[in-house]
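I need the structure of the sequence given here:
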Amino acid sequence: MGISVEGWPWFAIQVRTGTEKTSSAVLKYKGYECFLPLGRSRRRWSDRIKQLDLPLFPGYLFCRFDPDRRLPVLTVPGVLQIVGIGKTPLPVAEDEIAALQRIGMNGLPVQPWPFLQVGQMARIEYGPLRGLTGIVIQIKSEIKLILSVCLLQRSVAVEVDRAWMSEPYPLDPAEFEFQRGASTLDRDHLAQDLRGFADRPAATD
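Just a heads-up that it's a prediction; the model follows:
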């Protein structure tokens, strides 16, 4: 539609929960580059189990645009606000978006995860996610790499093979320091979403 987004950073857009796909589609139709991370989840119906692609960050999507020309973004149906300080949008780190995109392209099992700031770090040395770095956790026999969007204080957990990783090393909490009160996020909305993570079935093959 004639909108040039090349070179602009990624911004997080808060939308009404349940409208993520619709809002993303409208923005794309308007010519914006959008990214809506999805994870496959199993939902039980009365007579069957159905697999659905659900947003990994309920109520949020990511979009490239000129922050000085954001009105067309704010008027899209379902859009509530652009995440930032006051009326100033804050960009999302490029490497965080790139990591999430890598997961989506490789189709690895992934699910929402409460935001983590402490633990052990490891670098993926082999496999489809080679080069990514994140926090490592173990749940029963499964090894998961936690990738975060610090601006949103949200994380996702992607299943990885132990053989792909370097030896874990201590995390410097300062690397993931988040300034309190630096965002205009609706905190009640955020807390509600995080509580919902526990109710969502884990994505499986």
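
secondary structure class for the most centrally placed residue in the chain?
The centre of the chain sits closest to residue 57, judged by CA atoms, centre = their mean, with a distance of 5.1 Å. For residue 57, the assignment made with DSSP: H, G, I helix; E, B strand; the rest coil gives coil.

my guess is it meets residue 111, correct?
No - the pair residue 57 / residue 111 is not scored as a contact, 11.7 Å apart, by CB atoms under 8 Å. C-betas here are computed from N, CA, C, even on glycine.

got any residues that touch both of these two?
Jointly contacting residue 57 and residue 111 under the rule CB atoms under 8 Å, 6 or more residues apart in numbering are residue 156.

rewinding a little: what sits against the residue lying closest to the residue nearest to the centre of the chain once chain neighbours are set aside?
Excluding its sequence neighbours, the residue lying closest to residue 57 (CB to CB, 6 or more residues apart in numbering) is residue 154, at 5.2 Å. Counting by CB under 8 Å, 6+ apart, residue 154 makes contact with 57, 60, 112, 115, 148.

the residue of the chain most remote from its centre in helix, strand or coil?
The C-alpha centroid of the chain is most remote from residue 47, which lies 31.7 Å away (CA atoms, centre = their mean). Following three-state DSSP, residue 47 is assigned to coil.

distance of it relative to residue 158?
31 Å (CB to CB, to the nearest Å).

now for residue 20, how many residues are close by?
Residues contacting residue 20 under the criterion other CB atoms under 10 Å number 24.

residues in contact with it?
Contacts of residue 20 (CB under 8 Å, 6+ apart): 36, 55, 58, 59, 60, 61, 78.
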